[in-house]
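>>> Sharing a model that was predicted from the sequence below.
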Amino acid sequence: MHPCLILLLLGGLPALSRASPFQQRGLSDLGKKVDVKSLMLLMMNDQDEGSGFVDFDMPEYPGCPFGCRCNMKVVQCSDLGLHYVPYEIPADTRLLDLQGNHITEIRENDFKGLNNLYALVLVNNLISKVHPRAFLPLRRVQKLYLSHNQLTTVPRNLPSSLEELRIHDNNIKKIEARTFSGLHKMNCIELGRNPIKNSGLEPGAFDGLHLNFLRISEAKLTSIPKDLPDSLRELHLDHNQIKAIGLEDLRHYGELYRLGLGYNRIRHIEYGGLYYVQNLRELHLNHNLLASVPSGLPEMKYLQAVYLHSNNISQVEVDAFCPASFSVKKTFYNSISLYDNPVRYWEVQPATFRCVSDRLAVQLGNYKK
Ligand SMILES: *[C@@H]1O[C@H](CO)[C@@H](O)[C@H](O)[C@H]1NC(C)=O
């Protein structure tokens, strides 16, 4: 399930909520195929008019592009070997699925007239070129999925109605200043698996965005970028080459609930480096080179899950996680992982975990995967 779906689900669509909010694996495991069914459910949930959408039920109606299936304003043209976006897509289409084709280029008029489109799925094609005006007709589009293509830049002139952009696994090295300007509704961007270095994020690259969610995992970052939107609630930077967390690195990200920094090369977290992220619920630092539990955890009132497994931690102090006074902490931990560290687990004092909801919430050496 996609993280953006999770965010939306937290806002109330429990039927789809299969993954626990505290399982990062569920979050990052996107798979290559977009699940059109859950997208449809999401679309129905997002519909303003409610039932108006469902009464359209003709399996094939005139104007359906050859080979595609058109039903209930959903046009499915996936895995057809298409080299171009087909002509004659019905103007009332709400969801257009073109994934798994051989499309190399998006031309100026490919989406002309599709001003009712809600979601456009172009995942898993060979797209390297997008005409700068191609997306302009999509005045109501909320979701644009361009993952697994060959783009070298984020397309220009994205529609201002856009809320979610997935552009995972392309060949983007650089995000230019003002790339996202005017996109006031954007909530969620998935940029992972692109060869982005810190220097590739130009100053002002994210200007004007009020994002909840950003993922730049599996990139080439060597430190936490400082110029990301300060509205972020989730930031995923796992599988990069980040070496340290400096005192000011998280300064702008005080709204963060969930921070993913697993699978980096973090050896050092400056004293006070976590001071600015007092709202954190979940912190992933597993698979790094930390020699100790980072300082500042006991002061985080809401921190519930902290993942420190597979580091180089050789000692865990009795006050590493919990504050001296019980009244400080508003929520107890429900997950602490420490396995696969050189610490002698039998020497860790039980009182270290006095602010944990349940003894089973602590994973020490015995639970090594
Ligand atoms: C792990 O920590 C020890 C000191 O406690 C150090 O000698 C060793 O080099 C560290 N290992 C790595 C891989 O950084």
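Noted; the coordinates are in hand.

>>> The residue of the chain found nearest the ligand in helix, strand or coil?
Residue nearest to the ligand within the chain: Asn312 (3.7 Å; Cβ to the nearest ligand atom). C-beta coordinates here come from the backbone N, C-alpha and C atoms, glycine included. Secondary structure state of Asn312, per DSSP: H, G, I helix; E, B strand; the rest coil, is coil.

>>> Against Arg69, how distant is it?
Distance, Asn312 to Arg69, using Cβ to Cβ, to the nearest Å: 54 Å.

>>> now swap in Pro159 and tell me
Distance, Pro159 to Arg69, using Cβ to Cβ: 25 Å.

>>> who's more crowded, these two?
Shown here are Pro159 and Arg69; by other Cβ atoms under 10 Å, Pro159 has more neighbours (21 against 14).

>>> dump the residue contacts of that one.
With contacts defined as Cβ atoms under 8 Å, 6 or more residues apart in numbering, the neighbours of Pro159 are Phe135, Leu136, Leu138, Arg139, Arg140, Val141, Leu144.

>>> what about the fourth one, how many neighbours?
Arg139: 13 surrounding residues under other Cβ under 10 Å.

>>> That one reaches Tyr118, doesn't it?
No - using Cβ atoms under 8 Å, Arg139 is not in contact with Tyr118; the gap is 11.2 Å.

>>> Could you verify that Val75 is part of a helix?
No - according to three-state DSSP, Val75 belongs to no helix; its state is strand.

>>> Can you report phi and psi for the residue of the chain closest to the ligand?
With angles defined as degrees, to the nearest 10, Asn312 sits at phi -120, psi 40.

>>> Can you give me the neighbour number for it?
14.

>>> doesn't Asn341 make contact with it?
Yes - using Cβ under 8 Å, Asn312 is in contact with Asn341, at 6.8 Å.

>>> Next up, the contacts around the nearest residue to Arg281 once chain neighbours are set aside.
Distances taken as Cβ to Cβ, 6 or more residues apart in numbering put Tyr257 closest to Arg281, at 4.8 Å, once the chain neighbours are dropped. Neighbouring residues of Tyr257 by Cβ under 8 Å, 6+ apart: Arg233, Glu234, Asn279, Leu280, Arg281, Glu282.

>>> Asp230 is in contact with Arg251, isn't it?
No - counting by Cβ under 8 Å, Arg251 is not a contact partner of Asp230; they are 9.0 Å apart.

>>> what sits in contact with each of the two?
Residues touching both Asp230 and Arg251 by Cβ under 8 Å, 6+ apart: none at all.

>>> For Leu259, give its distance to Leu237.
Leu259 is 8 Å from Leu237, by Cβ to Cβ.

>>> cool, and Ser223?
Relative to Leu237, and taking Cβ to Cβ, Ser223 is found at 10 Å.

>>> Between the two, which is the more surrounded one?
Of the pair Ser223 and Leu237, Leu237 is the one with more neighbours under other Cβ under 10 Å, namely 25 against 17.

>>> Quick one: the helices in the chain, in order.
3-10, 24-28, 36-46 (DSSP state H).
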